[in-house]
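Q: Quick check, what structure comes out for this input:
(2 chains)
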Amino acid sequence: MNHDADEQIVYGSFIGNCFVLNIQGDIDGDYLRRLYEETLNTIAHHVDLKGTILDFSNISMFDSITFESFKKISKAIALMGKKVVWLGLKPGVVSALVDLDVDSDDIFIAVNLEHGLDLIHSEQFAS
Amino acid sequence: MNNHDIQLRGKILDQIPTTVIAVDKDFKIVYANNAAVNMAGSKLQENVIGKYCYEVSNNKHCKTSECCVYKAMKDGHMHSARSETFFHDGDKVHLEQTAVPLKDDDGNIIGGLEFVLDITQKVLAEERLAEQSYTIREMSTPTIKLWEGILVLPVVGVIDSDRAQHMMDSMLNKILETSSRVIILDIHGVASVDTAVANHIIKITKATRLMGCECLLSGISPSVAQTIVQLGIEMGSIKTTSTLSDALEEALSIINLEVIPKSDK
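A: Alright, predicted model coming up:
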């Protein structure tokens, strides 16, 4: 997987044993599908990964369909045995999601990157 | 109707301190009382009668579909609008124009009737009230950083939906600013908690959680506890305590801190 290729739209980096995925740009069906595939392939390729962090700091709009799509992606990652942590949801986005009454009970959410990395590594010991 | 009555009616209209004008369907003024004539800056009725009403008063609705005389003549109902204008001596005035259709004896609309009220005092009072509400709200919901990673928001008084929204905005912004992992919402000062208030609180805890910060609810008094159970409100997974200090203990444990007495040397 070449992270420098022009058609690459999955912006991610590796911090320790963690894959940090930076979500940005126009989130349409195409983007989500490609994100889904490329993320799962990245995880399959790097066997010593402990978890994935989905960083939403660059997103200013979120509807309930997008939310459910990311939940699906998270479920798939979890099925591959990796921890998933979300972070970076902005106050405006959060307000909107709460009004839409989304169900976020099954998602682990961190307040910043440090917290996210802590969660991934601490859960590793919990199981 | 005899002459005396007609004259009396004329006198009454002329002594009403509000502007009353009547226009025909082309917006030409067919009647204007003394107040209207004065408002137009004239002393004589002749200067006003026959002119187009938008020549005499020019507010922002004139000649647009927002003009309430136009609306009244069109659909036969009463219409009001607010506007601002400047008196000929330069002072800003807030006005409320109300128009009704002018009908002949057979009920056909032959023009419009408009009266104008000076609501400057009312508007100033409304602005002052809004300012005071804003001040009260700003005063009453400061989110405080209690410790590195722990925020606390003490709430006093009544929580309505406006206030709940404001509380949530203030909390979420503070969480973003401080990257706190725990926020304690203390409702000890909230006299009564009904289903609406409880739902506001539950919504707030959901929101903080979506930002990665856990919300602890403290200050649950015996009566509030009973009310919540009685109303069958499900608090779900929200951690609740009766005192702020219990919540603080829980918060410290969430961020992996422990308080140990200094050993005597």
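Q: Next, find the distance separating the residue of the stretch 1-150 of chain B found nearest chain A from residue B:252.
A: Nearest residue of the stretch 1-150 of chain B to chain A (Cβ to the nearest Cβ) works out as residue B:149 at 8.6 Å. Backbone N, C-alpha and C define where each C-beta goes, glycine included. Note on residue B:149: its distance to residue B:252, by Cβ to Cβ, to the nearest Å, is 9 Å.
Q: do the same with residue B:203
A: As for residue B:203, its distance to residue B:252 is 26 Å (criterion: Cβ to Cβ).
Q: List the residues that contact the residue nearest to the spatial centre of chain A.
A: With distances taken as Cα atoms, centre = their mean, residue A:54 lies nearest the centre of chain A, 2.2 Å away. Neighbouring residues of residue A:54 by Cβ atoms under 8 Å, 6 or more residues apart in numbering or on different chains: A:21, A:23, A:70, A:73-74, A:84-87.
Q: would you list the residues you listed in CSV and tack on distance to residue B:63?
A: Below are the contacts of residue A:54 laid out as CSV (distance: Cβ to Cβ, whole Å):
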residue, distance to residue B:63
A:21, 58
A:23, 51
A:70, 53
A:73, 57
A:74, 59
A:84, 62
A:85, 61
A:86, 55
A:87, 56
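Q: any idea which of those residues is closest to chain B?
A: residue A:87 (5.8 Å).
Q: what phi and what psi does the backbone show at the closest one?
A: In terms of degrees, to the nearest 10, the main-chain angles of residue A:87 are phi -160, psi 170.
Q: ok, now residue B:188?
A: Dihedral angles (degrees, to the nearest 10) for residue B:188: phi -60, psi -40.
Q: from what I can see it touches residue B:219, true?
A: Yes: Residue B:188 is within contact range of residue B:219, at 3.0 Å (criterion: Cβ atoms under 8 Å).
Q: So between these two, which is more surrounded?
A: residue B:219 (21 against 15; other Cβ atoms under 10 Å in any protein chain shown).
Q: For the more buried one, list the residues it contacts.
A: B:154, B:186-190, B:242-244.
Q: Just the buried ones among those residues, please.
A: Buried residues within the contacts of residue B:219, counting neighbours by 16 or more other Cβ atoms under 10 Å in any protein chain shown: B:154, B:186-187, B:190, B:244.
Q: Looking at residue B:149 and residue B:252 now, which is surrounded by more residues?
A: Using other Cβ under 10 Å as the criterion, residue B:149 and residue B:252 rank with residue B:149 on top: 21 against 17.
Q: Surely residue B:72 forms part of a strand?
A: No: read with DSSP: H, G, I helix; E, B strand; the rest coil, residue B:72 is helix and lies in no strand.
Q: give me the number of residues near it?
A: 23.
Q: from memory it sits against residue B:78, does it?
A: Yes: Residue B:72 is within contact range of residue B:78, at 6.5 Å (criterion: Cβ under 8 Å).
Q: pLDDT weak spots in the chain?
A: Chain wasn't specified; assuming chain A. Within chain A, the ranges that satisfy pLDDT under 70 run A:1-9, A:123-127.
Q: that's the wrong chain, I wanted chain B
A: B:1, B:58, B:87-88, B:137-139, B:141, B:264-265.
Q: And the contacts of residue A:54, which two are furthest apart?
A: Greatest spatial distance among the contacts of residue A:54 (Cβ to Cβ): A:73 and A:87, at 14.8 Å.
Q: The two: which is more packed in?
A: A direct count of neighbours by other Cβ under 10 Å for residue A:73 and residue A:87 places residue A:87 higher, at 23 against 19.
Q: Show me the common contact partners of residue B:72 and residue B:78, please.
A: Contacts common to residue B:72 and residue B:78, judged by Cβ under 8 Å, 6+ apart, are B:99-100.
Q: So what's the residue count around the residue lying closest to residue A:106 once chain neighbours are set aside?
A: In this structure, residue A:106 finds its nearest non-sequential neighbour in residue A:71, 7.5 Å apart by Cβ to Cβ, 6 or more residues apart in numbering or on different chains. Residues lying near residue A:71 (other Cβ under 10 Å) number 17.
Q: what does residue B:48 give?
A: Neighbour tally, residue B:48, other Cβ under 10 Å: 22.
Q: hang on, the earlier thing: contacting residues for the residue of the stretch 1-150 of chain B closest to chain A?
A: B:178-182, B:255.
Q: Among those residues, which ones are in helices?
A: residue B:178 (DSSP state H).
Q: Pull out whichever of the contacts of residue B:149 are also neighbours of chain A.
A: B:179-181 (Cβ under 8 Å from any Cβ of the partner chain).
Q: got these as a markdown table, with neighbour count columns?
A: Listed next are those as a markdown table, based on neighbours: other Cβ atoms under 10 Å in any protein chain shown:
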| residue | neighbour count |
| --- | --- |
| B:179 | 17 |
| B:180 | 29 |
| B:181 | 22 |
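Q: Look at residue B:234 and tell me its secondary structure.
A: The three-state label given to residue B:234 by three-state DSSP is coil.
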